[in-house]
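[1] using only what follows, build the 3D model:
(chains A, B, C and D)
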2 protein chains.
Amino acid sequence: MPPPTLEDIAKETRTSISTVSRVLSGGRAANRISAETRERVLAASKAMGYRPNLLARGLRTRKSHTVALLISDISNPYFGQLAALIEQRLHAQGYSLVLCNAAGDVERETEYLELLPQKAIDGLILVPVSRTKKSLMDVLPENMPLVVLDRPIPGISASVSSDHDHMAQILCDALERVGVKTVAIACGPQNIYTHRRRCELVSKRFKVIDTHEGRAQPETGRAAWQKFQSLRPDAIVCTNNFLAMGVMEEIREPDTCPIIAAFDEIPVMHLLPVPLVAIRQDIPRLAESCVEQLMVQLTGENMNPEPIALSSRVLTNRPFHLRHSFVRHSSR
Amino acid sequence: MPPPTLEDIAKETRTSISTVSRVLSGGRAANRISAETRERVLAASKAMGYRPNLLARGLRTRKSHTVALLISDISNPYFGQLAALIEQRLHAQGYSLVLCNAAGDVERETEYLELLPQKAIDGLILVPVSRTKKSLMDVLPENMPLVVLDRPIPGISASVSSDHDHMAQILCDALERVGVKTVAIACGPQNIYTHRRRCELVSKRFKVIDTHEGRAQPETGRAAWQKFQSLRPDAIVCTNNFLAMGVMEEIREPDTCPIIAAFDEIPVMHLLPVPLVAIRQDIPRLAESCVEQLMVQLTGENMNPEPIALSSRVLTNRPFHLRHSFVRHSSR
DNA sequence: TTGTATGCGTTATCAG
DNA sequence: CTGATAACGCATACAA
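    Numbers count the residues shown, from 1 in each chain, chains lettered A, B, ... in the order given. Down below sits the predicted model:
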C-alpha cells in the first residue's frame, strides 16, 4: 500500500485536496478553516499516517530544507566532530544534511560542486580543499547561501574559522618559551590554505632545518619522521593532527625525541611520553557560528554576514624545557 | 536567470521536450533518435549548462539516488571513519548520503526513523541505538532496502558487523594469556547490543569485581576510573574506545595501573605507557560489505542478503605480563 | 524518429 | 470558508 497523499485524505474526509493542504500546512491558512472540518482532517491524516512528500513539496516551493556539507577530508576526527555538531544544529532548525567528502582531492571537490546544484540544496557549507572565489562562483548558482568553514577564501565574507594567524602565534610563543630555536616542519599540501599559512608563519619565527610535504594523512607524518630523525631539530611542527599522529607512530625513543607541536588536538596527550604542544580549536563554537551564518542567509535576514574568526588555546602535556630537561610529571 | 529546463532546450533546438529528455537520459532511448537532432540537443544542453532537476526526476521515477545513514553516535571516530568510507563507496555508485545522527539517544533515533520516509530515501543504513525488528517495521515503509550495520537486530538478515562474540573471545584470550583473573568493566548503555553483549561475555570469563555503566562517552570512562581505582582489578575492560579514552584521561600513575582492555582501537597505542589490549575491527570491509548489501537490494538482485560477520584482530601495545612484570620495550 | 498528453504530490491562485 | 485548477520539471505511454 503506497503512502497516503493529500488526495487520499481529501477523499476520506469528503473534502478537497486544497482544504487538506491548508489544514496540514498549519499557520495562517489553517485558521481560515472551520474548526469542525479541521479536526476531521487532522484526525484522518493522523489515522492514515500521512507524511508529506518532501520531493513534491520541494518541487513546488523550491525549498528542500536540506543543506550540503562539503568537507575536505572527513576521515580526520577534527572534521568528524565538526560534522556531528553541524548536523545536530541543522537538525534542530529543521534542516537535513547531505554529507559530501572531497577526501583531500581537488577534483572530487569540483565534481561535487558541479553536482550540487542539481540536488536542490538550500545552502552549502564548504570546507574547501583549494578554491578561489571565482572558481566557486562559476559553478555555484547565483545566490546560493554559502558559508566557508575552517579556511577563509579571499573575497568571500560568509566565513567562519579559527583565527589562524593567532593560532600559529600562540603555538610559536609556546615553543619559544621553552627555548626552541630550530624546527622541522611536517606539512600538508601547500595548495591548502591552512597548511600553507601555518608553514609560512612558523618559518618566520624559527630556523627551519627541513620540511616534508605530502597528503594531510598519517603516512606523511611517518615519512617526515624518517627524514627528520637524524637532524635533531628542537621541535617538529605538524600542520595538522594527522601528521602528528604519523610522526608519533614512528617514535621509538620517546625520552630523547624533539618536541612535537601540532595544530589540532592529540588524544590522551597527558599520558604520552613525548613533549607535546598542541592547539585546541573551539569546535562547538565553530559549528554553532557556521550554522548561524547559514541560517541568516537562508532566512534572508542578511545575505552578507561578516567573517568570524574564533580564538584557540594552546595545550602542553606537562611542564618541560627543551629535550634536555624533559621531566616526568604526574598531574595533567 | 533560473536554471534551464528541458523545455528551454526544446525551445532552443526547435524540438519537443520529450525528445530532449530521451537524448539526455542516454541509454537505449537516445539511440532511437536521429544522430543529427541528438547532436543538436546535446550541444545546446551543454551550451546552456543544463542540469536535470533531481527533485522533479525523483518525483516522477520514485527514485532519489539517495540513501540515509542513521548512526548511533557519529562523534565517535570509529563511526566517523565508517561514515567516510560509506560515503565514498556510495558516491562511486552514484548515490548521495544524508547523514543522521542519533547521538546515542533512542528518541532522536525514533524521530529520524519517522522523518525518513518523507525524504524520499532509496535505502537506509542503520547503526541502531536500540531497536527490535518490530519497532523498525512499524515505522519504515514496506520494503525499503535496509542494512543494519555494526550491531545485528534479531530477525533482520541484511546485517553487516564484526563477529562480536569472536571479538570478545580474542580479547578475553589475550587477557587470560597474561594472567588476568579479575576485571572491572566500564560499560556503555545496556540497551545497546554491543555493550550488553561484550559485558556478558567478559563476565563469563573473568571475575568481575565492579561495573560502571553510563553513556558511551569519555565522561563515563572517567567516572569508572574513579570508582575502580582503589579496587585494583587486574584489568579494566571498556566496552568501547570512548570509555577507554576517558579511563586513560584519569590515569596518573601509568606504571602501576591495571591493564586497559578496549573494544575498538586506541590511537598511538604503542607510545602509551599503560598496558593496553585493544580490538581492531576491519572498518574498510565493514563499509564495503554494507554498501554492497544495500546495492543488491537497490538493484533488486537480492532482497534478503545473508548476514555478514567479519573477524577482527587483537592488538597489544607491547609485551607485558600483568602489572608486576610490565616492561618497557622499544619496538612496536 | 518525433511530438502530445498525462501524472508524480504539493502549494498557490483564483473563483465561488 | 472551500473547491477547482494551474504550475513545478521530468519521464513515459501513446500517437503520429
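
[2] CA only for contacts and neighbour counts going forward, please
    Fine.

[3] quick one: residues contacting residue A:249.
    Shown in contact with residue A:249 (C-alpha atoms under 8 Å, 6 or more residues apart in numbering or on different chains): A:222, B:268, B:270, B:271.

[4] which one of those residues is nearest to DNA strand D?
    For DNA strand D, the nearest member of those is residue A:222. The distance, counting by C-alpha to the nearest atom of the strand, is 47.9 Å.

[5] for the closest one, helix, strand, or coil?
    Under DSSP: H, G, I helix; E, B strand; the rest coil, the three-state class of residue A:222 is helix.

[6] what about it, how many residues nearby?
    By other C-alpha atoms under 10 Å in any protein chain shown, 20 other residues sit near residue A:222.

[7] was I right to think it contacts residue A:247?
    Yes: with contacts defined as C-alpha atoms under 8 Å, residue A:222 counts as touching residue A:247 at a distance of 4.8 Å.

[8] that older thread, from the contacts of residue A:249, which land in helices?
    Members of those lying in helices (criterion: DSSP state H): residue A:222.

[9] interface residues of chain A facing DNA strand D?
    A:14-19, A:31-34, A:37-38, A:56, A:59-60 (C-alpha under 7 Å from any atom of the strand).

[10] and the residue of the stretch 101-250 of chain A closest to DNA strand D?
    Of all residues in the stretch 101-250 of chain A, the one sitting closest to DNA strand D is residue A:118 (8.5 Å; C-alpha to the nearest atom of the strand).

[11] kindly apply the preceding question to the stretch 201-332 of chain A instead.
    Of all residues in the stretch 201-332 of chain A, residue A:298 sits closest to DNA strand D, at 19.4 Å by C-alpha to the nearest atom of the strand.

[12] ok, the nearest residue to that residue once chain neighbours are set aside - how many residues close by?
    Here the nearest residue to residue A:298 in space, its sequence neighbours aside, is residue A:145; by C-alpha to C-alpha, 6 or more residues apart in numbering or on different chains that works out to 6.4 Å. Residue A:145 has 24 neighbours, counted by other C-alpha under 10 Å.

[13] shouldn't residue A:145 be in contact with residue A:122?
    Yes: counting by C-alpha under 8 Å, residue A:145 touches residue A:122, with 7.1 Å between them.

[14] find residues that contact each of these two.
    residue A:298.

[15] one step back: take the residues of chain A next to DNA strand D and keep only those in helices.
    Applying DSSP H to the residues of chain A next to DNA strand D, the entries found in helices are A:17, A:18, A:19, A:31, A:37, A:38, A:56, A:59, A:60.

[16] same list, those, but as a markdown table with pLDDT and distance to DNA strand C please.
    Supplementary listing: these in a markdown table, determined by pLDDT from 0 to 100; distance: C-alpha to the nearest atom of the strand, whole Å:
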| residue | pLDDT | distance to DNA strand C |
| --- | --- | --- |
| A:17 | 95 | 6 |
| A:18 | 95 | 4 |
| A:19 | 96 | 8 |
| A:31 | 84 | 14 |
| A:37 | 93 | 14 |
| A:38 | 93 | 14 |
| A:56 | 96 | 4 |
| A:59 | 96 | 5 |
| A:60 | 96 | 5 |
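
[17] redo the residues you listed as TSV? Include neighbour count and distance to residue B:312.
    Converted to TSV, those look like this (neighbours: other C-alpha atoms under 10 Å in any protein chain shown; distance: C-alpha to C-alpha, whole Å):
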residue	neighbour count	distance to residue B:312
A:17	16	56
A:18	12	57
A:19	19	58
A:31	12	60
A:37	16	60
A:38	19	57
A:56	17	45
A:59	18	46
A:60	12	49
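
[18] from those residues, which is closest to residue A:235?
    Comparing these against residue A:235 with C-alpha to C-alpha places residue A:59 closest, at 56.7 Å.

[19] from memory that closest one sits against residue B:56, does it?
    Yes: under the criterion of C-alpha under 8 Å, residue A:59 is in contact with residue B:56, at a separation of 6.2 Å.
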